[in-house]
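> After the sequence you'll find the predicted model.
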Amino acid sequence: MSTENLNRTSVFAEVYPKKISEKKDLTPNKVNIDVLKKRVFEEKKRERFQNRILMGMFFLSITILGYIVV
């Protein structure tokens, strides 16, 4: 049994470093700042839109509630 465990660890030790080196090759060395700025802008735009919808729903519900009560 102990020889089987040693054989398994040696197989994993050989495969694992290859996967790490492959992942390093896939990552780019440069970052395009324009793409990052665009992502941030679109995220803020989406947040503003959601906030406006939320406030509109709030005021609409207040208006409908006021109309029903009066």
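Right, received. Where do you want to start? Everything numeric in this text was worked out from a predicted model, so none of it was measured.

> Where does the prediction get shaky in this protein?
For the chain, the stretches flagged by pLDDT under 70 are 1-28.

> The longest helix along it - contacts with which helices or strands?
Longest helix in the chain by number of residues (criterion: DSSP state H): helix 33-69. The contact analysis (3 or more Cβ pairs under 8 Å, 6 or more residues apart in numbering; DSSP states H and E) places helix 33-69 against no helix or strand. All C-beta spots, glycine's among them, are computed from the backbone N, C-alpha and C.

> Tell me the buried residues in it?
For helix 33-69, the neighbour count (16 or more other Cβ atoms under 10 Å) marks no residue as buried.

> Next one: Lys30 relative to Gly66, how far apart?
Applying Cβ to Cβ, to the nearest Å, the value for Lys30 to Gly66 is 57 Å.

> for Arg48, same thing?
Arg48 is 27 Å from Gly66, by Cβ to Cβ.
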